[in-house]
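**Q** Give me the fold of what follows.
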Amino acid sequence: MNRYLETYRLSIHGLTLASLLFGAVPAWGSSSADLRVVSSSPGATVVEYTPRYLPVSSRKIGDGQYLRYDFEGSQSPATVRPGAPEIFVRSVPLLLGSLANRVEIVSEEYTDTTGILLAPAPDLIDADKVPAWTHRPDPSAYAVAGFLPVAVAVLANVGAVRGTILGNLVISPLRYDPARRILRKLKRIVVRVSSDGPVTGLPVDDPLVRGIAINDSRGRGLAPVPNAAKRTARLANSVLAQGSWLKLSIAEEGMYLLTGQMLINAGVPASTDPGTIRIFGNGGAELPLNPLTPVPIDLVESPRLISDVGAAGVLDPADEVVFYAATARGWKYDPVARRISHTINRYWETGYCWVTYGAAPGRSMPPANPGPTADYTALSVEGKLFREDDRVNILSSGLNWLGQSFDAGDRLTYAHPLPGIVPGSTVRYRLRLGS
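**A** Sure, this is the predicted structure:
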């Protein structure tokens, strides 16, 4: 005998369905596989929704066989509680004529199925220091009597956005009575959203909100970015397109020295004029997450100091090129907080510089301007050192990484040389821990 008992229900609310379906001329129109705007005006919008269900899946939990029902375009509501029956919703953005609105069910068709044990919403737990999803039914949630959600359609997140009033029509095609194990499954529903307050009329034609709502016929999909916010770049060849180049790996931030002998050994002709040696690089800092933040579109030339100690105009072994280079890890100073903090590149550990020669003269390092006569001589300066090991990403996603893990009773020693440290001086430690 089939343990599922199905009953069919058809209810029509009001007598205006025929005029809505056949007599209305939409002011704005839109449709999709499961949604259709029957009519729309600044004061009211009627939406027809026909859910497109996905195959039912099952999960054995304890002694029970739990079923999971889903449909195209589903979302998990923000109020879902782990362990409670997992009931998905369909959320649709609407243009509204007022901040005060009411939702009416014009008609709905559904089936009731008994004997359904609906699968619980998953919970994220720590499984041996690795996040894992678990499905553990909450007995109290499965003892609740009455269909959940209580309302089959509600309006949420209503507000003015750039001069346009928008809201989300949230429809629950699946409703569940946990205590009686009855699943109510919508076949079709028609919903009317009407303004209860002063109607503002047509929305502002802003490209950032145009076409977002299903009842906006001015265009669907993502709107173009306004011209004022666009970044434009001049098409040009990179400096690397011409000449001969050497690539240098930069492991630490600081001043670097290239001797003439090093360059000759790397293949630079001895006939090269040292004045034509040029250094390019952008350091190794991580690019900003905001794509509108200005950044160089090509390698930037760095100033360098040339010491042409041999024959003028030719590269001698004793000639020197001195320049500064940054790398993927470094330091930054906050003048407001008067605090120094370190920076890292989460995608790369090494910085690079490029050296070219034999063409235009390079960028010279400006001479140092003599400052005032010193009236104080420092006997020591503050040194700094940091260690950041990115080893573990808790969610295996995102930018939050942690280093070495510690359990109760663990002991780990880090040894770092501190050359030149003043005996008896104070050492300050700054730690960041995650759990």
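**Q** From residue 107, how far off is residue 377?
**A** 90 Å (C-beta to C-beta, to the nearest Å). In short, each C-beta sits where N, CA and C put it, glycine included.
**Q** cool, residue 289 as well?
**A** For residue 289, the distance to residue 107 - C-beta to C-beta - is 48 Å.
**Q** Repeat that for residue 281.
**A** Distance from residue 281 to residue 107, by C-beta to C-beta: 68 Å.
**Q** same question, residue 212
**A** Distance from residue 212 to residue 107, by C-beta to C-beta: 27 Å.
**Q** Tell me which helix or strand in this protein has the weakest average pLDDT.
**A** helix 17-18 (a mean of 29; mean pLDDT, DSSP states H and E).
**Q** what about residue 339, neighbour count?
**A** 10 (other C-beta atoms under 10 Å).
**Q** residue contacts, it?
**A** Going by C-beta atoms under 8 Å, 6 or more residues apart in numbering, residue 339 touches residue 333.
**Q** Which pLDDT value belongs to the closest residue to residue 252 other than its chain neighbours?
**A** Excluding the flanking residues, the one nearest residue 252 by C-beta to C-beta, 6 or more residues apart in numbering is residue 327, at 6.0 Å. pLDDT, residue 327: 90.
**Q** and what of residue 341?
**A** Model confidence at residue 341 (pLDDT) stands at 88.
**Q** Next: residue 220.
**A** In this prediction, residue 220 has a pLDDT value of 40.
**Q** any idea what the residue sitting nearest the centre point of the chain is structurally, helix, strand or coil?
**A** The chain has residue 398 as the residue nearest its centroid, 7.6 Å off, counting by C-alpha atoms, centre = their mean. Secondary structure for residue 398, judged by DSSP: H, G, I helix; E, B strand; the rest coil, is coil.
**Q** about what we covered before: who has more neighbours out of residue 281 and residue 107?
**A** Ranked by neighbour count (other C-beta under 10 Å), residue 281 and residue 107 place residue 281 first, with 22 against 18.
**Q** mind listing what that one touches?
**A** 250, 299-300, 302, 325-326, 351-354.
**Q** Got a quick ChimeraX command for the buried subset of the residues you listed?
**A** The ChimeraX selection below is limited to those of these classed as buried (16 or more other C-beta atoms under 10 Å):
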select :250,299,302,325,326,351,352,353,354
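**Q** so of the contacts of residue 281, which ones are in strands?
**A** Those of the contacts of residue 281 mapping onto strands are 250, 302, 325, 351-354, per DSSP state E.
**Q** Assess the claim that residue 110 and residue 182 are in contact.
**A** No. The pair residue 110 / residue 182 is not scored as a contact, 11.1 Å apart, by C-beta atoms under 8 Å.
**Q** shared neighbours of those two, which are they?
**A** Counting by C-beta under 8 Å, 6+ apart, nothing touches both residue 110 and residue 182.
**Q** residue boundaries of the helices in the protein?
**A** For the chain, the helices defined by DSSP state H occupy 17-18, 260-265.
**Q** looking at these, which one has the lowest mean pLDDT?
**A** helix 17-18 (a mean of 29).
**Q** got a list of what residue 103 touches?
**A** Residue 103 touches 151, 153-155, 169, 191-193, counting by C-beta under 8 Å, 6+ apart.
**Q** Beta-bridge partners for it, please?
**A** residue 193 (DSSP bridges).
**Q** What's the separation between it and residue 263?
**A** From residue 103 to residue 263 the distance is 76 Å (C-beta to C-beta).
**Q** buried ones in stretch 47-55?
**A** Result for stretch 47-55 [16+ other C-beta under 10 Å]: buried residues 47-49, 51, 53.
**Q** In CSV: those, plus pLDDT and distance to residue 434.
**A** Below are the buried residues of stretch 47-55 laid out as CSV (pLDDT from 0 to 100; distance: C-beta to C-beta, whole Å):
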residue, pLDDT, distance to residue 434
47, 93, 45
48, 94, 49
49, 95, 44
51, 95, 42
53, 95, 41
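**Q** Residue 136: which of these is nearest?
**A** residue 53 (25.9 Å; C-beta to C-beta).
**Q** Report the separation between the residue nearest to the closest one when sequence neighbours are not counted and residue 152.
**A** For residue 53, ignoring the flanking residues on the chain, the nearest one in space by C-beta to C-beta, 6+ apart is residue 71 at 4.8 Å. The gap separating residue 71 from residue 152 is 14 Å, by C-beta to C-beta.
**Q** what's the answer for residue 35, then?
**A** Relative to residue 152, and taking C-beta to C-beta, residue 35 is found at 15 Å.
**Q** for residue 300, same thing?
**A** Where residue 152 is concerned, residue 300 sits at a distance of 60 Å (C-beta to C-beta).
**Q** Same check on residue 332?
**A** Taking C-beta to C-beta, one finds residue 332 at 54 Å from residue 152.
**Q** more crowded one of the two?
**A** Using other C-beta under 10 Å as the criterion, residue 332 and residue 152 rank with residue 152 on top: 20 against 10.
**Q** Verify the stated contact: the more buried one with residue 108.
**A** Yes. Counting by C-beta under 8 Å, residue 152 touches residue 108, with 6.7 Å between them.
**Q** Overlap in contacts, those two.
**A** In contact with both residue 152 and residue 108: 186, 189, using C-beta under 8 Å, 6+ apart.
**Q** hang on, the earlier thing: can you give me every residue that contacts the residue nearest to residue 252?
**A** 250-253, 283-284, 350-351.
**Q** so where is the stretch 251-400 of the chain shaky, pLDDT-wise?
**A** Of all residues in the stretch 251-400 of the chain, none has pLDDT under 70.
**Q** where do the strands sit along it?
**A** For the stretch 251-400 of the chain, the strands defined by DSSP state E, counting those that start in this stretch occupy 254-259, 278-280, 301-302, 304-307, 320-325, 330-334, 339-343, 351-356.
**Q** Each with direction, which strands does the shortest one pair with?
**A** When you say that, I think you mean strand 301-302. As assigned by DSSP bridges, strand 301-302 forms pairs with strand 278-280 (antiparallel).
**Q** How much space separates the residue lying closest to residue 70 once chain neighbours are set aside from residue 113?
**A** In space, residue 70 comes closest to residue 54 once its chain neighbours are excluded; the distance is 4.6 Å by C-beta to C-beta, 6+ apart. Separation of residue 54 from residue 113 (C-beta to C-beta) stands at 16 Å.
**Q** Kindly report the same for residue 198.
**A** To residue 113, residue 198 is 44 Å away according to C-beta to C-beta.
**Q** Which of the strands of the stretch 251-400 of the chain sits closest to residue 430?
**A** Judging those by C-beta to C-beta, what sits closest to residue 430 is strand 339-343, at 8.8 Å.
**Q** What angle do strand 330-334 and the closest one make with each other?
**A** Interaxial angle, strand 339-343 versus strand 330-334 (axes from the mean of the first three to the mean of the last three C-alpha atoms, to 10 degrees): 150 degrees.
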